[in-house]
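Undergrad: sharing a model prediction with you, sequence too.
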There are 2 protein chains.
Amino acid sequence: MTKSDPLTAFFNPHGVAVIGATTDPTKLGYGLARNLVQSNFQGVVHFVNPKGGRLLGQPLYQAISQVPDPVDLAIVLIPAAFVPEALHDCGKRGIRAVIIGSGGFRETGEQGAKLEAECLEIAKSHQMRLIGPNCIGILDTHLPINATFLPPPGPPPGEVAFVSHSGAICAAVIDWARGQGFGMSRLVSLGNQTDVNETDVLGPVLADPFTRVLTLYLEGVSDGRRFVHQASRLAEEKPIIALKVGRFSSGQRAVASHTGVLAGQESAFDAAFLRAGVIRANTSEEMFDWARALAWCPLPKGRNVAVLTNAGGPGVTAADALEMENMHLSKLKAETIEELSDILPPAASLVNPVDMLASATPEQYARCLNILLADSEVDSVMVILPPPPMFTAGAVAKALIPVIHHAEKPVILALMGERLIQEAVEHFRAARVAEYRFPERAASALAVLARRAEHLSRGEKSGKVPIQVDLKFNTRKESILSSLDKLQPGENLSLETVNDLLAAYGIPVAETILAGTVQQALAAARKIGYPVVLKIASPDIPHKSEFGGVVLDVRDETSLVKGFEELVSRINILRPDARVLGVHIQPLVLTGQEVILGAVKDPQFGPLVMFGAGGVEVEGLQDVAFGLAPISEEEAGFILGKTWAGRRLEGYRNLKPADRQAAIKALCSLAQLAADLPQLEEIEINPLRILEQGKGVLAVDARARMTAF
Amino acid sequence: MTKSDPLTAFFNPHGVAVIGATTDPTKLGYGLARNLVQSNFQGVVHFVNPKGGRLLGQPLYQAISQVPDPVDLAIVLIPAAFVPEALHDCGKRGIRAVIIGSGGFRETGEQGAKLEAECLEIAKSHQMRLIGPNCIGILDTHLPINATFLPPPGPPPGEVAFVSHSGAICAAVIDWARGQGFGMSRLVSLGNQTDVNETDVLGPVLADPFTRVLTLYLEGVSDGRRFVHQASRLAEEKPIIALKVGRFSSGQRAVASHTGVLAGQESAFDAAFLRAGVIRANTSEEMFDWARALAWCPLPKGRNVAVLTNAGGPGVTAADALEMENMHLSKLKAETIEELSDILPPAASLVNPVDMLASATPEQYARCLNILLADSEVDSVMVILPPPPMFTAGAVAKALIPVIHHAEKPVILALMGERLIQEAVEHFRAARVAEYRFPERAASALAVLARRAEHLSRGEKSGKVPIQVDLKFNTRKESILSSLDKLQPGENLSLETVNDLLAAYGIPVAETILAGTVQQALAAARKIGYPVVLKIASPDIPHKSEFGGVVLDVRDETSLVKGFEELVSRINILRPDARVLGVHIQPLVLTGQEVILGAVKDPQFGPLVMFGAGGVEVEGLQDVAFGLAPISEEEAGFILGKTWAGRRLEGYRNLKPADRQAAIKALCSLAQLAADLPQLEEIEINPLRILEQGKGVLAVDARARMTAF
């Protein structure tokens, strides 16, 4: 955050005016005034209330115009109806940053929404930025400033920043964090986001040198592409974890493609977070478990973990939990095992998990941890500490902490119990050592450290700019674009136009001849060579096979004549409404592996591409993965690896390896096409056949539809 | 547990002798003596130590023979080497129940294992039952008795019993449970299980009237079938939750079938727990989260949940979490919404989640909960309580508790925060109301209640005895069995024998003729009718297609001659070691849907059956599910429903419905076959084609192998 950032005043104000400060201790305006004064804020605090008087030893100014310099941030806590006037006054007083804490706006209905729009209008007219309305404010424990009206105590100082769409969750998280033993650096409650939104605050919040991790509670994202751009830049420096809720609240869109059905809002968020390097948490506890580990631990070089325990059962639990997280038990070196054997009793288990037995002393814990950390096969260590029968857990903690502080590898504690481990918990928390109850949560924390390390190393290798696909644009492009211009909103493209589009982007298409008559069909089949496939040609029937609109494996002229006539008459009966242009004749392509490629426009994130198992069972199998278009070849490879359809391209049993590289290129090309042509709502190749290595791919069928508006 | 149960003395002793009681407070023998005395045990406690003297105001007898009546349980805490003699003395004294707490047995190596075997021998000679060695003992908070050597305090009385293979985890769980605010009823640490194992104690522990839920920490199961039998009977009365660890520790078996590869130890446990109605937890915290809900809440009639909150954000989080758990938001009735509107402010949200707004009073919480509970669309309620800004969370708790206690539907609390909700937490815990931090864990608890209710209603409808398959045993059975007898251990069965077996169990098999020569092949194809399929016939090549051992779609005699010769010469080159009996000729079957059926022998649970997506990609797709053989048709249907291959049998888009009922019958038949013939290590039909409705199924290829030992 530079000095010139318009949001500076929110995060580093010189003087703060509380509009609506009051002596009535049951009012939020009192709570805010009290918090500001008690938070040890080093700038100046002013109180404004038309009634005048004094509050907490300071004057209550009757109007904002009377407030002396400096004042660069106002916090408004007055009834909604009076807020517009207060904003005007703030503007005239030269204040460019205002937090509206008051509710009574958009969240209450149409009347409130009008009032909120009016506020935004006024703010714009004064080049003023707004946070809120309907929020609980901002706090920074290091500056320090507590510009919220929450009941004390505020959070202790820490390294985890929290930005939230929900004010109630801010209050709960502050209280909960204290109980969990971690502090916060900055907290921003965004409220209705009439102006400043989650993307705007990412940079300013992460610019704080005390913040080591940013956690986000998101109910959505206002501008998907801008969020991805900002977050991916910032996540290179500091980890960002998001809990995105509202998974199931969005209505279904009207869609004609498999891709459209499968590309729910969540696929878009998954793809966006993947691109941005934002770590998605599934639960609130998981988010803050992960945040502590990321804030306090160095990153591991790999996924090999040593487990140090004083009992067998918890060691087995840890081994299980690590495997579930796709972490691996280190194979300890011979010298490590020898060193361990020097200090442990003969009955101890020296194979990872290392079980020192119940007699383990604090020194044994510390020395064994040191030995494990020195082993190059060990990337990180989980230390398990049930209440030790012979010593206090607190003594073990005291012995371990210096070792952990000197380690360049992450060490995570799995403490088991409650009362008997409480002293140890307090030592670890004070020392900023990440500790969890039971090995399962500790394993999850170790895994997130590994994911973070992998993300950073990917970033370094690949560069973050999507690779530009060689478009091979030819003279057909102009005519394709002009034929798109002629289509109606929401209209399906003809197969010819789709095929032309794909070919223009370098995706090979199976030869396809439209036959309006049986005679034309016979000629087409002769040209293509038997066996051929017949497909009904109708812009109104995107899923042809569902209406019996496909005849496969036509081997001779007799079958072709029969097939043509049956096809046309069947469609006339089943879909009398459909415009039938004739029948498409194609060669029968049975070689290669069948996949689906698709792209849809997501309302928040723009074009998404999909790769997966093709055919008619796409939606049943759900073996698909998504990315934000356009994509790099590296990202395409990653997406392929998330599906079985992608993994089997490398060959599997008697399935020969297919041209995986060509599949990656085709996915990148389709992504580029989708990014280039926002007038397309969806486009889908199903099936795309991936031929054997070196032979490329072949689009056998495809459909596309114009955006409806 | 009847009086005559040989384990009665462990759980309800009249007199307990501590062998190894000592005045040295650093020794476990002191801790145990102290715990027994302090636990308010109403029976008699005796202490034995050859040194004599007094301990805690009682005599230390020098020998067990001197201990006066009554004494029916001994607890041994002396060095391992002296344990056999002590057992002898106990036997002579007439004690039939002994807990050996001492370590130094099997867990330390060969010498210890010998000692342990000697102890078992001695125990048997006295009709004595042993728990341990290497365990921490038993406790019962209601009897009460604390026969463990763990440092105090023991757990508070409660409704959750815990049986554990790990002693360290017992210690941690007791301490942790106290912090989580739930008590325990009984706890059993099983140690090395030289005699009494996890299955033995299920009945006695669940017989305790105070126990409402049994939790199990399992590192394995000693006798799989007996465990399933006992657990499924007992789980009809009280819920059993298991955390089974050691998922990844078992070595891979040598297997020749897809089924064998996929049927890891975990599939067997999943199938066993499914059959037994044991709920499998993934983490320690999940197990006890669930246990509290099951112990304290009535069961819901269905999966429809009302959410009551005082803030929007947590309501969204709850809605998400419920959907992830496959729970549904109730659609509230019009009268419910009207009643809510009478007591809530106009800006409140009356659509589920019901958001009362931050101003919600304790009375509003209580009255709204009452209204929601009265709605027949509501099966359960999640009440969300972040620190309420205007009231204390404790006041809300006090208002809610009477409503929850009177409700016949489950009400679960999601409390958000720590310090500001602490008073509420304590009220709820004292009142046995299930409360969790954050909505996600509350949703998981509601879901487990629904699962439990569904399990019980399934049990009532179906009866638990597996349906006996009509075997249609014919005269072929005898000859099949005698041909099996001729095979070597581990040998593959011929296709003819496998087909005979399947046919004997009523599974239709595609016509298959073995041709040793081209002439025989031509004759076979004429009999079957073209197109045909050629498959190499060799007992040494179970996966034929991987070696090019199959020629599909042979349409005429010329192709057949060519195919036959190429096939034989290809196999001679690729697998010169294989015994080639000729070529099997079959009709080409392309109709119907392709699935795989398999059965393998699990070392712990005996025969398992598998159903799933067939073909060569079985292991890649992993669209399979398992059951314990034999299975009922209802269970077979449930297993089908767990896979896409099973679900699509009902039809999907242009995929016609297939004969699902015949698939179920075939699965039951194969399960019966596997149960009847323990000499088979594995048998697999791949593919089985499920024909259209009413047309049955057809086994196109199959393989089987004899057990190796």
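TA: Nice, I can see it. Residues are numbered from 1 along each chain as shown, chains lettered A, B, ... in the order given.
Undergrad: can you tell if stretch A:158-166 touches chain B?
TA: Yes: interface with chain B: stretch A:158-166 contributes A:164-166 (C-beta under 8 Å from any C-beta of the partner chain). For every residue, glycine as well, the C-beta is placed using N, CA and C.
Undergrad: revised request: answer the last question for stretch A:612-621.
TA: Yes: using C-beta under 8 Å from any C-beta, stretch A:612-621 reaches chain B at A:616-617, A:620-621.
Undergrad: list of residues touching that stretch?
TA: Under the contact criterion C-beta atoms under 8 Å, 6 or more residues apart in numbering or on different chains, stretch A:612-621 has outside partners A:258, A:261-262, A:545-546, A:594-596, A:622-625, A:643-646, A:686-688, B:623, B:644, B:647-648, B:652-655.
Undergrad: show me these that map onto strands.
TA: In strands, judged by DSSP state E, the following of the contacts of stretch A:612-621 are found: A:594-596, A:624-625, A:686-688.
Undergrad: OK, contacts around residue A:458?
TA: For residue A:458, the contact set (C-beta under 8 Å, 6+ apart) comprises residue A:634.
Undergrad: which parts of the stretch 101-250 of chain A are strands?
TA: A:129-131, A:137-140, A:145-148, A:157-164, A:184-189, A:213-218, A:240-244 (DSSP state E, counting those that start in this stretch).
Undergrad: okay, stretch A:261-275 in PDB with CA atoms only?
TA: What follows is stretch A:261-275, C-alpha atoms only, in PDB (Å, rounded to 0.1, in the frame of the first residue of the first chain):
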ATOM      1  CA  VAL A 261     -24.700 -28.300 -16.400                       C
ATOM      2  CA  LEU A 262     -21.500 -29.300 -14.700                       C
ATOM      3  CA  ALA A 263     -20.100 -25.800 -14.500                       C
ATOM      4  CA  GLY A 264     -21.900 -24.700 -11.300                       C
ATOM      5  CA  GLN A 265     -20.800 -21.700  -9.400                       C
ATOM      6  CA  GLU A 266     -18.500 -23.800  -7.300                       C
ATOM      7  CA  SER A 267     -16.600 -25.100 -10.300                       C
ATOM      8  CA  ALA A 268     -15.900 -21.500 -11.200                       C
ATOM      9  CA  PHE A 269     -14.700 -20.700  -7.700                       C
ATOM     10  CA  ASP A 270     -12.500 -23.800  -7.600                       C
ATOM     11  CA  ALA A 271     -11.000 -22.800 -11.000                       C
ATOM     12  CA  ALA A 272     -10.600 -19.200  -9.900                       C
ATOM     13  CA  PHE A 273      -8.900 -20.100  -6.600                       C
ATOM     14  CA  LEU A 274      -6.700 -22.600  -8.300                       C
ATOM     15  CA  ARG A 275      -5.500 -19.900 -10.800                       C
END
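Undergrad: can you name the residue of the stretch 101-250 of chain A nearest chain B?
TA: When distances are taken as C-beta to the nearest C-beta, the stretch 101-250 of chain A reaches nearest to chain B at residue A:166, 2.2 Å away.
Undergrad: check that residue and give its pLDDT.
TA: pLDDT recorded at residue A:166 is 92.
Undergrad: what number of residues lie near it?
TA: 26 (other C-beta atoms under 10 Å in any protein chain shown).
Undergrad: now do it against residue B:272, distance only.
TA: For residue A:166, the distance to residue B:272 equals 43 Å [C-beta to C-beta, to the nearest Å].
Undergrad: can you pull the contacts of the residue of the stretch 401-550 of chain A found nearest chain B?
TA: Closest to chain B within the stretch 401-550 of chain A is residue A:418: 2.7 Å, counting by C-beta to the nearest C-beta. Residues near residue A:418 by C-beta under 8 Å, 6+ apart: B:175-180.
Undergrad: and with 7 Å instead?
TA: B:175-176, B:178-179 (C-beta atoms under 7 Å, 6 or more residues apart in numbering or on different chains).
Undergrad: and those, which of them are buried?
TA: By neighbour count, with 16 or more other C-beta atoms under 10 Å in any protein chain shown, the contacts of residue A:418 hold B:175-176, B:178 as buried.
Undergrad: thank you, goodbye.
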